[in-house]
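1. Provided below are the primary sequence and the corresponding predicted coordinates.
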Amino acid sequence: MGNCASSLIQGIHYYKDKSEKDAIGLMHWDIGGYLPSDIEIVAAYDVDKRKVGKTIDEAIFAKPNCTTVFQKDIPKTNVKVEMGNVLDGVADHMKNFEEDYTFLVADFESVDIVKSLKDSGAEILINYLPVGSEKAARFYAQCALDAGIAFVNCMPVFIVSDDEWEAKFREKGIPIVGDDIKAQIGATVTHRTLANLFKERGVKLDHTYQLNTGGNTDFVNMLSRERLDSKKESKTEAVQAVLAERMDSQDIHIGPSDYVPWQKDNKLCFLRMEGKTFGDVPMNIELRLSVEDSPNSAGCVIDAIRCCKLAIERKISGKLTSISSYTMKHPPKQFTDDEAYVRVNDFIEGKLER
C-alpha cells in the first residue's frame with residue numbers, strides 16, 4: 001500500500017466522473033467494456049504499522065507515502081489493510097532510517113493470505129513489493145496460485161518471464177502479467193525509444209548510461225545495493241532488447257543512482273547516448289527527464305489489470321505477452337514499443353489470443 005498503490009487507487013476514483021473526452025492521462029479509456037472506475041479494491045496487505053488495520057482510503061495517505069495527491073475525495077470503505085508476510089520485504093537499513101522513512105514493522109501475526117484472497121472475492125492480485133523482495137514476491141505469487149486468481153507482477157522478480165513459474169499458472173488456468181512495471185513516459189520507455197531511433201536511422205550506439213534519482217521509499221530501499229541485481233538486469237535488458245546489436249556490459253550502464261530526500265516521489269533521469277553517424281562522425285544526446293514516479297506507473301497498471309480481466313473472461317491462461325510487453329520492462333517476450341502497442345490493441349479487440 002505504498003505510493004504506487006496510492007496513485008492507482010486515487011486514479012480509479014479520479015476517472016469515475018470523467019468522460020472519454022476529458023479523461024486526460026490514460027492510454028486506453030475502454031478496455032473490453034471496462035473503464036478505470038470499474039476496478040474495485042477488495043483486499044490489501046502491508047507490514048507497516050502506520051497502515052495495517054487502517055481502511056484503504058486512510059492507508060494510501062499514511063506515511064511514508066509521499067506521492068502527489070490528485071484525488072483527495074476517496075470514499076470511505078470497509079476494506080482494511082491486513083498484515084502481510086514480511087520475509088525479505090523490508091531492507092535492514094530501512095528499520096532504522098530517518099524518521100519518515102523508517103519502516104515501522106507492525107507487531108501483528110501475518111494473516112492467512114490465501115484465505116483472505118478467497119474470502120474477499122478478488123480476481124487479480126497486484127504485486128507492489130519493494131525491489132529486492134525475492135522471497136516475498138514468490139510467496140505472493142504462490143498465494144495467487146493457491147487462491148486461483150490472476151497475478152500482475154509490477155516488480156523485478158522474474159515470475160512471468162520464468163518458464164517454471166509461467167507453467168504453474170498456465171496449468172492452473174490462470175493468466176499472469178509481468179515483470180517489472182514500465183512507466184507511461186519514464187526513463188526506460190524514453191531510453192528504448194531513443195535506442196530504437198538510433199537503430200532505425202543507422203546510428204551506431206557506442207556508449208550509454210541512465211542514472212536516476214528520487215526521494216521516495218523505492219529509492220531509500222535501493223540504497224541497499226545487494227537488492228538491485230534483478231532491477232538492473234530488468235532495466236538493462238529492456239534497452240538491450242531494442243538495439244541493433246547487444247552492447248558490451250562496460251558500454252551500457254542503467255540503474256538507480258541515489259536517494260535525494262527532497263525529491264519525494266519525483267524521479268529525475270539523466271540519460272546520455274554516444275554514437276557515430278554518417279562518415280563515422282561522433283554525436284551524442286543528453287536528456288533530463290522529470291516525472292512523478294507513482295502516477296506514471298499507475299497509468300500502465302490500470303491497463304494491465306483490465307487486460308488481465310479480459311483474459312479471465314476468455315479463459316486464457318499463463319503469460320499475456322501483448323500487455324506484458326506493452327507495460328513491463330522484463331516481459332516474457334520483448335517487442336518494440338510500437339509493435340507492443342499494436343499487439344495490445346489487437347488483444348483487446350480479440351484479434352490476438354494473448
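-> Perfect, I can see it now. Just so we're clear, the structure is a prediction, and the values are computed from it rather than from any experiment.

2. hmm, what's the outermost residue in the chain?
-> The centre of the chain is farthest from one residue, residue 279, which by CA atoms, centre = their mean lies 41.1 Å away.

3. contacts only, for that residue.
-> The contact partners of residue 279, by CB atoms under 8 Å, 6 or more residues apart in numbering, come to none. (C-beta placed from N, C-alpha, C; glycine too.)

4. and the pLDDT at it?
-> pLDDT recorded at residue 279 is 98.

5. what's near enough to touch the residue nearest the centre of the chain?
-> Nearest residue to the geometric centre of the chain (CA atoms, centre = their mean): residue 181, 2.7 Å. Residue 181 is in contact with 4, 154, 155, 297, 300, 301, 304, 327, 328, 329, counting by CB under 8 Å, 6+ apart.

6. same thing with residue 303?
-> Per CB under 8 Å, 6+ apart, neighbours of residue 303: 27, 28, 31, 323, 326, 327, 344.

7. show me where the stretch 201-350 of the chain has strands.
-> 204-214, 252-259, 266-277, 281-292, 318-319 (DSSP state E, counting those that start in this stretch).

8. which among these is found nearest to residue 238?
-> Nearest of those to residue 238, taken as CB to CB: strand 252-259 at 8.1 Å.

9. okay, angle between that closest one and strand 204-214 too, please.
-> Angle of strand 252-259 versus strand 204-214, following axes from the mean of the first three to the mean of the last three CA atoms, to 10 degrees, is 10 degrees.

10. chain center to strand 252-259: distance?
-> Centre-to-centre, strand 252-259 and its host chain are 17 Å apart (CA atoms, centre = their mean, to the nearest Å).

11. related to what we said a few turns ago, just the buried residues of the contacts of residue 303.
-> Listed as buried from the contacts of residue 303 are 28, 31, 323, 326, 327, 344; burial here means 16 or more other CB atoms under 10 Å.

12. what residue ranges in the stretch 51-200 of the chain score low on pLDDT?
-> Within the stretch 51-200 of the chain, the ranges that satisfy pLDDT under 70 run 99.

13. what about the strands in it?
-> In the stretch 51-200 of the chain, the strands defined using DSSP E, counting those that start in this stretch lie at 81-83, 124-127, 150-153, 175-177.

14. quick one on the thing from earlier: could you pull up the residues touching the closest residue to the residue nearest to the centre of the chain other than its chain neighbours?
-> Once flanking residues are discounted, residue 181 sits nearest to residue 154: 4.1 Å by CB to CB, 6 or more residues apart in numbering. With contact set as CB under 8 Å, 6+ apart, residue 154 has these partners: 4, 126, 127, 128, 178, 180, 181, 297, 301.

15. one step back: reformat the strands of the stretch 201-350 of the chain as a markdown table; add mean neighbour count.
-> Formatted as a markdown table, those follow (neighbours: other CB atoms under 10 Å):
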| stretch | mean neighbour count |
| --- | --- |
| strand 204-214 | 19 |
| strand 252-259 | 18 |
| strand 266-277 | 18 |
| strand 281-292 | 12 |
| strand 318-319 | 24 |
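
16. got those strands as CSV, with distance to residue 55 columns?
-> Listed next are those as CSV, based on distance: least, CB to CB, whole Å:
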stretch, distance to residue 55
strand 204-214, 28
strand 252-259, 30
strand 266-277, 28
strand 281-292, 25
strand 318-319, 34
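
17. mean pLDDT lowest where, among those strands?
-> Of all the strands of the stretch 201-350 of the chain, the segment with the smallest mean pLDDT is strand 252-259, scoring a mean of 88.

18. please save the CA atoms from that strand in PDB.
-> Output in PDB follows, covering the C-alpha atoms of strand 252-259 (Å, rounded to 0.1, in the frame of the first residue of the first chain):
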ATOM      1  CA  ILE A 252      26.000   0.400 -21.100                       C
ATOM      2  CA  HIS A 253      25.100   1.400 -17.500                       C
ATOM      3  CA  ILE A 254      21.400   1.500 -16.500                       C
ATOM      4  CA  GLY A 255      20.200   1.600 -13.000                       C
ATOM      5  CA  PRO A 256      19.200   3.600  -9.900                       C
ATOM      6  CA  SER A 257      21.800   6.100  -8.800                       C
ATOM      7  CA  ASP A 258      20.900   7.800  -5.500                       C
ATOM      8  CA  TYR A 259      18.300   8.900  -2.900                       C
END
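
19. including distance to residue 240, could the contacts of residue 181 go into JSON lines?
-> Putting those into JSON lines (distance: CB to CB, whole Å) gives the following:
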{"residue": "4", "distance to residue 240": "25"}
{"residue": "154", "distance to residue 240": "21"}
{"residue": "155", "distance to residue 240": "20"}
{"residue": "297", "distance to residue 240": "22"}
{"residue": "300", "distance to residue 240": "21"}
{"residue": "301", "distance to residue 240": "24"}
{"residue": "304", "distance to residue 240": "23"}
{"residue": "327", "distance to residue 240": "19"}
{"residue": "328", "distance to residue 240": "15"}
{"residue": "329", "distance to residue 240": "11"}
